[in-house]
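Engineer: Could you work out the structure for the sequence below:
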Amino acid sequence: IGFDFSRGRQDVSVHPFCTSFAKGDVRITTRFDRNYLNTALFGMMHEAGHGMYEQGVGDALDGTPLGGGTSLAVHESQSRLWENIVGRSKGFWSWALPKLKETFPAQVNGVSVDAFYKAINKVERQFIRVEADEATYNLHIMLRFEIEMGLLDGSIKVSELPQVWNARFEEYLGIVPPDDGVGVLQDVHWSSGLLGYFPTYALGNLLSVQYYNQALKAHPSIPDEIASGKFDTLLKWLNTNIHVHGRKFTTDELTQRITGESINPAPYVAYLQNKYGEVYGL
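Structural biologist: Numbers count the residues shown, from 1 in each chain. Down below sits the predicted model:
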């Protein structure tokens, strides 16, 4: 989809991530489940979105305080765009499914594009945030953000985290994690001191649709190009309008320049309604 392996590499880790030492050295990781395709594939497309952002920073900004992404929210907009808007689209799989059948003939031969598209967009209660569907994903973010606020204001003690997590998970998603590995300990963010990080995923979801809609206005052919395995028009638009600017603009300044408005949830809600209305015949 456009990640430049001459300026980056891919490795395996317990939790997927992207790290950049310079625009010429961007590294991404993924993890694998031998019995479940989504874990590695969509995790990899997500991290590639981060990586292509870092690789696209303007040469004049590389190595300066303005090198790198505008903000975590804008960074997540890029990863979520490639993971979901592209990677979970029917057009992408009309191109990619024949390739998948060549690699895994026993598993997917005879599976239609429509059936596969519905399968990868199934809405279901899920313990793991990074594997949650788009319709329920932000519930995972709300849970984490509310717990973070409790940790910061003292209303939740660290020792209470497993119990609080499980109770709120049952409240929001109706299921209780069987152990802390798929519960409160599943993410690396808190152990790395990254409190306040999780809302950037929700903001990134909103921005991903706002930015993609603008790319479509400039290039209405993008969905057809994706369906033919051509991704450079979309990537070049993102490079030109977002990546090259590094940190020159704040999130709001950049979003105003691109869309003419601030962060707006309406396009994302419309995207979900249209997509899942089709998937479930609503």
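
Engineer: Mind jotting down where the helices sit in the stretch 1-150 of the chain?
Structural biologist: Taking DSSP state H, counting those that start in this stretch as the test, the helices found in the stretch 1-150 of the chain are 37-55, 72-80, 90-103, 105-108, 113-120, 137-153.

Engineer: which one of these lies closest to L203?
Structural biologist: Among the helices of the stretch 1-150 of the chain, the nearest to L203 by Cβ to Cβ is helix 72-80 (3.8 Å). Placement of C-beta: from N, CA and C, glycine included.

Engineer: Distance from that closest one to the middle of the chain?
Structural biologist: 7 Å (Cα atoms, centre = their mean, to the nearest Å).

Engineer: show me where the stretch 151-282 of the chain has helices.
Structural biologist: So, for the stretch 151-282 of the chain - with DSSP H, counting those that start in this stretch - the helices run 161-173, 199-218, 222-227, 232-241, 251-259, 266-280.

Engineer: how about the ones you listed in TSV, adding mean pLDDT, mean neighbour count and distance to V86?
Structural biologist: Below are those laid out as TSV (pLDDT from 0 to 100; neighbours: other Cβ atoms under 10 Å; distance: least, Cβ to Cβ, whole Å):
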stretch	mean pLDDT	mean neighbour count	distance to V86
helix 161-173	97	16	26
helix 199-218	97	20	9
helix 222-227	98	17	6
helix 232-241	98	18	7
helix 251-259	97	17	18
helix 266-280	97	15	13
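
Engineer: Between those helices, which one is closest to R7.
Structural biologist: It's helix 232-241; of the helices of the stretch 151-282 of the chain, that one is closest to R7 (Cβ to Cβ) at 13.6 Å.

Engineer: which residues touch the nearest residue to G69 once chain neighbours are set aside?
Structural biologist: Distance criterion Cβ to Cβ, 6 or more residues apart in numbering; nearest residue to G69, sequence neighbours excluded, is H75 at 4.1 Å. By Cβ atoms under 8 Å, 6 or more residues apart in numbering, the contact list for H75 reads H50, Y53, G69, T200, G204.

Engineer: Show me which pair in these is furthest apart.
Structural biologist: Top of the distance list for those (Cβ to Cβ): Y53 and T200, 13.4 Å.

Engineer: Can you check which of the helices of the stretch 151-282 of the chain gets nearest to R31?
Structural biologist: helix 199-218 (17.9 Å).

Engineer: angle of the closest one against helix 232-241?
Structural biologist: 110 degrees (axes from the mean of the first three to the mean of the last three Cα atoms, to 10 degrees).

Engineer: Report the inter-axis angle for helix 199-218 versus helix 266-280.
Structural biologist: 80 degrees.

Engineer: would you put the C-alpha positions of helix 199-218 in CSV?
Structural biologist: Only the C-alpha atoms of helix 199-218 are listed here, as CSV (Å, rounded to 0.1, in the frame of the first residue of the first chain):
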residue,chain,number,x,y,z
PRO,A,199,-8.5,9.3,23.3
THR,A,200,-6.3,10.0,20.3
TYR,A,201,-7.6,6.8,18.7
ALA,A,202,-11.2,8.1,18.9
LEU,A,203,-10.1,11.5,17.5
GLY,A,204,-8.2,9.7,14.8
ASN,A,205,-11.3,7.8,13.8
LEU,A,206,-13.2,11.0,13.4
LEU,A,207,-10.4,12.7,11.4
SER,A,208,-9.8,9.7,9.2
VAL,A,209,-13.2,10.1,7.6
GLN,A,210,-12.9,13.9,7.4
TYR,A,211,-9.6,13.6,5.6
TYR,A,212,-10.6,10.7,3.3
ASN,A,213,-13.7,12.6,2.2
GLN,A,214,-11.6,15.5,1.2
ALA,A,215,-9.3,13.2,-0.8
LEU,A,216,-12.4,11.8,-2.6
LYS,A,217,-13.4,15.3,-3.5
ALA,A,218,-10.0,15.9,-5.1
